[in-house]
Each structure stands twice: as C-alpha cells, then as structure tokens.
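**Q** Provided below are the primary sequence and the corresponding predicted coordinates.
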Amino acid sequence: QHQQTLLNQLREVTGTNDIQLLQQALQASNGDLAEAVAFLTEKNAKAPQQEEAYYHTGQTGNDRYISVGSQADTNVIDLTGDDKDDLQRAIALSLEESNRAFRETGITDEEQAISRVLEASIAENKASLKRTQGEVWSDSLNPHDRKRQDNCPVGLKNVGNTCWFSAVIQSLFNLLEFRRLVLNYVPPGDAHDVPRNQKEHRNLPFMRELRQLFALMVSSKRKYVDPSKAVEILKDAFKSNDSQQQDVSEFTHKLLDWLEDAFQVKAEEEREGEKPKNPMVELFYGRFLAVGMHEGKKFENSEMFGQYPLQVNGFKDLHECLEAAMVEGEIESLHSENSAKSGQEHWFTAPPVLTFELSRFEFNQALGRPEKIHHKLEFPSVLYMDRYMDRNREITRIKREEIRRLKEHLTVLQQRLERYLSYGSGPKRFPLADVLQYALEFASSKPVCTSPVEDVEPAPLSSAIPPQTTARQESSCSSTEQPGSLAPTDAPGTSPIQRSVVHKPFTQSRILPEIPMHPAPRHITEDELRVLEGCLHRWRTEVENDTRDLQESIGRLHRTIDMMYADKTMMQVPYRLHAVLVHEGQANAGHYWAYIYDHHHERWMKYNDIAVTKSSWEELERDSFGGYRNASAYCLMYINDTERYLIEEEFDKETGQVLTGMDTLPSDLKEYVKDDNRKFEKELEEWDVQQVKRAQQDKMLIDTNQREPAGTSTSAPAKELEYLEQPSPTEPNKVCEEDTAKAISKAAAEFEDRGPEAALQAAFTAEHSRLVRLAQEDTAPGNDNRLKHVVVYFLHNQTPNKVIERTLLEQFADRNLGFDERCLSVMRVAQSKLELIKPKEMSMEEYERWHREYKLFRETSVCILIGLELFQKKSCSEALLYLVHAYQCNKELLSRGSYRGHNEYLIAHYRRECLLKLNEEAASLFESGDEREVEDGLSIMNELVVPCLPLLLADDLEDKDIAAVEDMRNRWCSYLGQEMERKRWSPARRCATEPRTVLSNGRPNPP
C-alpha cells in the first residue's frame, strides 16, 4: 500500500504514466520521493550529470540552489524545441517554477517539496524535524550579555520545548489591559488559609507565578527572564508526559480557563448579592447567535466562545474563512424521511479581544499521521467585523444575497470566457483567437513541394547516395532556395547542418534546410484565399472583442463584490491586528514565535524566545501567510480599535503623568523586582571584580614570564599570555564578519539571479578588490591597514595567491555568518569549496606559517601599543617589558622582509627613553641616602636596567643607544669617587662596581 501511494504521488508530480519507469525510479532512490523525481528529471532530460549537481550539495559548484538556476539560464532543457516530449516540458516547467520560487522566497525547491507536495514521504523520523530553538537556552557566563538595553522588551527563556509558552504569554503581556488585570490581581481573602477546592489549589500558585513573571517583564534589568515555575505548573495540567511540544491551542484554552476561574472567585467575593462580572470573560469571551432551520422548525441558540476556530483549507483569505464559518449547510437529520431543508447562521457579539484559531493541521488517513496545511491565507491588519455582527443581520443577508447573485452571473461569464480561451473538442485546447490566427497563417502560406514526403528520404545504409537521388532532391525544391542558403554536402551520410540540441536522435530524419518549417495548402485560388482571409480576420476581431468584453465584465463584477462591504455603514467595528502567533515546521514538531504590534511606537516587533527585535509588516506577511515556506500563522489576535483602554498606558491620578516601569507595579511586586534586580547587579559586580582580578593575575603572569628570560637577548616570553592572544586570521572577528556580510549584501543581485555560488564569486571578488585598495593606500603611521585584515598584510609581503585565496574563502565559510538565508547559503558554498581543496594543491604547512607570522605581527603591535600607553602614564618599568619584547619580535619579523614588521627606530627610541628614565629614577633613589630607597634603586638597576643594556649594544642601530649607555655608565662611575657615609656605602658598593663591570664588557657578569 505504501509503495502504491508513492507511485501515485510520483505520477502526480512528474506527469508520467509509465509504471515500469516509475518503479525503476523508486527502486533507484530507495523509496525517496525527492530522489525519484530527480532521477526521472535527469533521465528524460538526457543530462545525467545534473543529478549529482542537484542533490550532492557538498561539492563545490554543484550547490542545489545553483543547479536549478543554471538549468533555467543555460537552457539545458529547451522549452522551444519542437521535438520535446510532454514529460520533458512538464519537468522543465517544474524546475523553472522551483527556481522562481527560490528567487522570490529565498528557500529551495527541496524545502518547498518537504513542506507541501513531498511532505507525506519525507522525514519519517519526528526527532529529525526538531528545531534547535526547542532546546534549553544556555545562559552566557558574562552577565553583561544578559543585561537589558534601555527599555527594550524583555524576552522569555526557552526552558525546554516552551517556545509555545513564550509566544502566547508575550502576546497577552503586551495587551496592557490584560497586564494590568494580572499585576493588580489580589487573591481572595481566605486564600492564605487552606485552599477551598482543587481549582484554588491549582490556580492561586499559578497566578502568583504569573504576576511575578509579568512584574519582571515590566521592570527587570535582565535581557530575558526565566518562566520555569509558571511553565511547570501549566505542564502538570497536560496529561501527556512526553517531551513533545504542547499543542498551543490546548495551552491557550487551558490558560484562559485558569484565569477565568481565578478571577471568578475574586469577582464573587467583591460583588456579593449581585451577578459577578469576570474581567477575563468580559475581555476574551464573546457570544454568537446560531439562527437556523432544523427539520422545518426555526431555532435560535446563543453560545459563548473564546478562541474561534477557522478552517484554512480551501480559502484564500480571512473573510472567506469567516463567511464559511458563519453560514453552515445542511444539518443532518435524525429522521431520514424528513425532507425539510435545514441550515444555520452564526451572528457575533464580539469581545474586545477577538482571537481566531487557524486550523492548519489535519489527519492523513492514508499515511496514519497528522499533516500541516501550508496553503497561503491572507489576513488584513484591520478587520471590519460589521458584516458578522448580530445587529447587522438583515443588511448582511441582503448583501449576501446580492453577492450570491453576482457570483452566479460571474460564474456564467467565466464559463463563457473559458470557451473562448480553451477552444476545441479534444484533450488539447487553445484560445480561439489563436486558432483563427493559425488558420489564417496556414491559408496564407505558399506551397513549395507537391508532397510533404517526396523530398525526405532516410539515409541509405551504404556510405554513398545514388546520383539520381541527389539530383531529384536538388531539382524538386531548387526554386525555393534563398541566397546564402546551405547546399547539401557531398557526404550524404552526415547531416548538412548540426542542431545545437539533439533530443531524439533515433527519430531524426535527414531534413534539408531548404524545406519550409510550416505546412501550406497545396491548392487554393486567389479568390478562395481572399474570401477566407476576410472571414478569418473578421471572426478573429469578433472573438477578440467578445473576449475583451467578457474580461472587463468579470473585472467589474469582482470589484463590485470586493466593494460590497466598503460603505461606511459596514465599517463601524474595526478590529486591529494585535498579535500573530507563527508556527514553523511540520505537524509533529516545530518552533513558535510571535509578531506583536507596538501600539505606542506604531511598529511590529518579533518575539522569538529571548530575542526581541524590530520587524515589519512585510516580514510578518512572509512568515505568516504561508504558501512557499514551512512557517505560517496559527493564531490571530485582533483587538477592538475603538476600545482604547485595551492599549492605553496608566496615568497617575494626582499628577496626570504616564506611569511606566516600576511605577505600574503594586508594592509587593515592586519589592520582588527590586530584590531580583539587586541579585543581578550583585552578579554584575562579582563578574567585574573577577575580571579585575584576572587582569591583575595576567599582569603578574606577564611580568614573571618576561623577567625570567631577560638574561638572554633574544628570548621571548616563555608562555603566551591569554589577553595578548589575538583572534586567529582564519576565524574573522566582528569587524571582519561585518565586512563579509557587506560583501555578500552587495552580491544580492547575483544571488537572486544565479544563486549562492555566483554570489560567492561576486562577493569574493568585491572583498579582494577592497583589500587590494586598502593595501595600496598611503596611511599615516598611526593608521596601519595591515592591522585591519590579514590579507592586507599578505599583499604587502608578496604572499602566494593560494594562501590569500584560502584565507578569503575561510572568511566566507565562517559559521558565524548565519545572519540570514543569503549569508547561510554563501557560507555553505564556501565550506564546500574548502573541502574540495586537495593537499597537493596547497601546502598547509606554508599556509599555517604565514598565519603564525601574522599572529606574531599582531602581538607585536599590541605590545607596542601597551608599551607606549604605559610610557605616557609614566609607568616606565612596565612599559619597558612590553617594548623590549616588541623590539625582539619586530626584529625577527623584519629579518624576513621590510614590510613584515613596524618601524624599529620608533620602538628603539621609546625603549631607550624608558631605560634612561628608569636609570634616573634608580640614581635618585640611590642618592637619597635612605636605606629602603637605596634598595629600591638597586632593585630597579638589577632587574630592569642592567639586563637591557646588552640589548642596546647588540645592534649598531643608533649612536644614541651607545651614548645612552655611556651616560648611564658615567653616572654610576661618578659615585666611586664620592665620600659616602657608612650607611650609604654598604648597599651602594655592589651597585657602584657592578655597572662598571657590565658596561666595560658589554654584557652582565655575575656579582
């Protein structure tokens, strides 16, 4: 049975009825319907190489997006070929439609097939359809990443398949009247004692958690908050214990029921002796009056509704869904002998908040599983409910009757028009005007040959054709030859002209190029032709006029129907779209998010778990209407646009000022939020303290690591420091990501026209050109373009092109580029190209060596900057360590090329200045006479000045270095001739002798 189902689906998709061919395709694809379609496509298109190009997306140049576009562009399947069979035409049209859909929506034909035609046979495993958004969010260790920015709305953390909770709660929270009701809810007086019943035992804890959650969403300093407690209470109400995502409709019903119960108790307590009013019922629940006839008897029943269910299948917009729901057909009778007509209408008394539940799921009996309906359904931003209201019952009936009459007339006109546009009695039909035109063209054609077959002979088996055959061919149609036409060749075994695309070589006859392309009447007189042309011209004009009149009449009827409810009397009850809850995925799994209208700023916002971003009506349409994508709206929340209290801010009764943030909260919730904010602020402070401690530890570590090797002239720090580590050139930093995204954005036209591979090529070229321009710029010393991008450094140093190309390719293949579908597609193509680079094509050792060198260049730059900054702050002891290390690294770089490092004279100058200042400081301390200060001065000499002196003498870079060494030597030697007190001489003795030894030998000797 499953095999037969697949065969039927494959027959429907491809249009072929060859059972053997269909079975062969299914067998070759192991039952995969998408692969079977591709198999038939390639088999009939005579292009087997395209199968690999269409599905093996991991290979460079054969991305699935590219292949479809290339087929359409390069005309691999020629729709104009006369010898194409129907299957080829159908497949070609299917591929062209797939390519068009991709260009319009940014998704592939594979994804569209999964979501619609091929959904029944793809993704059997439910787990494979789970979205990563359903997983538990992992908090960033850095609390600053979780800090709320200004007054940005607060998101909700996904605590495990709870995106359904976030979507619904955010929609309700942004309904200000609902928010006020929840925040100001006060439990009944006896609720603090033992709950009276099971409902109170369940509802009161939930209301407490919901109030606290709403309070945090109002005034929390966190970017998003954790709704775990409220979610757990709700989850207990669901009987299902599996980890599947809960049914959102069921959850919403349950939520409103609980809220109704909670406020009902409060209402009964507050209005003793009167009929209690439940604010939740007043807000969300309306009534509809069912009026109809059953078994010949009239009836009227009033019923309450909360979420109003609407069927999506078979309707194009929301009004059609509502009309179908309002007017029901025959009511099944218990007595079959009763032939009286039955039916009913629904008339609304709408609530302030009107919620429509769009039924997009149905159970497939054949497959034994639920399926999602991906049909497109449009809905307006403002919905006028007048035609559905009970008070407009009579006028609506009149208009419906008028619409019914117009639609009947419209149907008649459309049928007439169809007879003109699809004329004929056979299976193939054509527009009548075209048929008459073709007949006119046939009648006007000039006859050439007496027989359509006398000039066409099959090629003989021998290699030569008898002379009389050629002579007969030449003489029969010689009168039709035009100047420049091709004459038959002397080798009759070969075709005189080669066609660019040969689709059916086994049926091709040896047709000479002089034979006319169209048939013509053999015998027709001029009088007959004149009469026939006159009739055909007149008939064609009549048909065109009739067709045009019908089309105009149909257009007028459509406009009349569309404007039937456009008068002011039927536009008095506007409902504005407040929220759209969207589901992406299939029936058994997926992800939920919400689009909510910000009435204060008049813009749409997208609430996707912890992410809250600005959006637009265009994005909402794309994600909510359905059709091409797997995403579509499942719930619409409209609010009465005349009831301004639903969205109005709260005002202070005394000052008249708008209350915002913490001022809108009751006192108990204020304390709760303040306490949570204090905890978060404490977390921020603790993090900052940890970072300061870590920086101090790193500083101590760099001091230790650089002092230990100071005895040797070329030693670098023994251990690389964490905060000196620069981002790897193969892992672009944030600026690089932005540049890459800009390059891809500039290639948007290529992406839309030719797919992601062409976009990658264009973006690659644009980015390379930009970097070449950067490398050619003359910049000031303080603005070194080599630090902006590794490729600029490579271009300055004649790095092999293979290294540059791979570096740029890795830039486009970075996984952090998933900003949108375009970047994601380009990233995948770049990754595929990287995978195809063979080891023999490029030495990875050379590639890594160049990147290690650039890393050293970046580290050297950092050391120079830190050293100069410390020097400006007069921290010469710390600055010297960085400058010495920078000088040694820079020296190593410059040994490989003049553009591989920085200006060594600049580093040497500040290194020398640091030494001179430190020497001056040490001498001043020595001269003070205080034993403690003398020891500090000696410490500076032994730990900093003395170890660095050989470095100044090692390179004959500048005379200034030698002069500086001499000045320092003379300064300390001068102390030997001075009379010193005993208390000064003892600690100074070592210093006065040691520098002389050091300076005379040029290197430090042990004391």
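**A** Okay, I see it. Numbering: from 1, shown residues only.
**Q** in the chain, which helix has the most residues?
**A** What stands out as the longest helix in the chain, according to DSSP state H, is helix 667-707.
**Q** Show residues contacting the following helix or strand past that helix.
**A** Stepping forward along the backbone from helix 667-707, the first helix or strand reached (DSSP states H and E) is helix 734-746. By CB atoms under 8 Å, 6 or more residues apart in numbering, the residues outside helix 734-746 that reach it are 732, 751, 759, 762-764, 766-767, 770, 788-789, 811-812, 814, 816-817, 819, 822-823, 826. Any C-beta I mention is one placed from the backbone N, CA and C, and that applies to glycine too.
**Q** Filter those residues down to the buried ones and hand me the ChimeraX line.
**A** In ChimeraX, the members of these classed as buried (16 or more other CB atoms under 10 Å) are selected with the following command:
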select :732,751,759,762,763,764,766,767,770,788,789,811,812,814,817,822,823,826
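**Q** so how far is Tyr285 from the residue nearest to Met389 when sequence neighbours are not counted?
**A** Spatially, and ignoring its direct neighbours in sequence, Met389 is nearest to Phe348 (5.6 Å; CB to CB, 6 or more residues apart in numbering). Distance check for Phe348 against Tyr285: by CB to CB, to the nearest Å, it reads 12 Å.
**Q** Between the two, which is the more surrounded one?
**A** Each of Phe348 and Tyr285 has its neighbours counted (other CB atoms under 10 Å); Phe348 has more, 22 against 17.
**Q** so what's the more buried one up against?
**A** Applying CB under 8 Å, 6+ apart, the residues near Phe348 are 286-288, 385, 388-390.
**Q** Closest one of those residues to Ile962?
**A** Among the contacts of Phe348, Met385 lies closest to Ile962 (CB to CB), at 94.0 Å.
**Q** Mind pulling up the pLDDT for the closest one?
**A** Each residue has a pLDDT score; the one for Met385 is 93.
**Q** ok, now Glu981?
**A** Here the pLDDT value assigned to Glu981 is 47.
**Q** same question, Arg815
**A** At Arg815 the predicted local confidence, pLDDT, stands at 67.
**Q** same deal with Val456?
**A** The model's pLDDT for Val456 equals 53.
**Q** Then the one 4 residues further on?
**A** For Pro460, the model assigns a pLDDT of 49.
**Q** can you check Gln212 too?
**A** Here, the pLDDT recorded for Gln212 equals 93.
**Q** Checking it next. Helix, strand or coil?
**A** helix (DSSP: H, G, I helix; E, B strand; the rest coil).
**Q** That one: neighbouring residues, count only.
**A** 20.
**Q** switch to numbering from 473
**A** Okay, residue one is now 473; in that scheme the one you just asked about reads as Gln684.
**Q** ok, how many other residues are close to the residue nearest to it when sequence neighbours are not counted?
**A** Closest residue to Gln684 in three dimensions, ignoring its sequence neighbours and counting by CB to CB, 6+ apart: Tyr1144, at 5.7 Å. Taking other CB under 10 Å as the criterion, the count of residues near Tyr1144 is 17.
**Q** pretty sure Tyr1144 contacts Leu685?
**A** No. Under the contact definition of CB atoms under 8 Å, Tyr1144 does not touch Leu685, with a separation of 10.4 Å.
**Q** now the residue nearest to Gln684: how far from Asp698?
**A** Counting by CB to CB, the gap from Tyr1144 to Asp698 is 14 Å.
**Q** before we move on, which element is the spatially closest residue to Leu479 that is not a sequence neighbour in?
**A** Setting aside the residues directly before and after it, Leu479 is nearest to Leu494 in space (CB to CB, 6+ apart), at 5.4 Å. Applying DSSP H and E as the criterion places Leu494 in helix 491-500.
**Q** Can you point out the buried residues in that helix?
**A** For helix 491-500, using 16+ other CB under 10 Å, the buried residues are 493-494, 497-498.
**Q** same deal with stretch 1354-1374?
**A** Judged by neighbour count (16+ other CB under 10 Å), stretch 1354-1374 contains these buried residues: 1354-1365, 1372-1374.
**Q** what does the model give the residue nearest to Leu479 for pLDDT?
**A** pLDDT recorded at Leu494 is 77.
**Q** Downstream of the longest strand seen in the chain, the next helix or strand is which one?
**A** Ranked by residue count and defined by DSSP state E, the top strand of the chain is strand 1046-1058. Using DSSP H and E, the next helix or strand after strand 1046-1058 towards the C-terminus is strand 1061-1070.
**Q** Report all helices and strands that that next one contacts.
**A** Counting contacts by 3 or more CB pairs under 8 Å, 6 or more residues apart in numbering; DSSP states H and E, the secondary-structure elements packed against strand 1061-1070 are helix 635-645, strand 1046-1058, strand 1075-1080, helix 1089-1096.
**Q** now those in TSV, with mean pLDDT, distance to Ala1436 and mean neighbour count?
**A** Shown next, in TSV, are the helices and strands packed on strand 1061-1070 (pLDDT from 0 to 100; distance: least, CB to CB, whole Å; neighbours: other CB atoms under 10 Å):
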stretch	mean pLDDT	distance to Ala1436	mean neighbour count
helix 635-645	89	68	24
strand 1046-1058	91	70	22
strand 1075-1080	94	63	20
helix 1089-1096	92	66	17
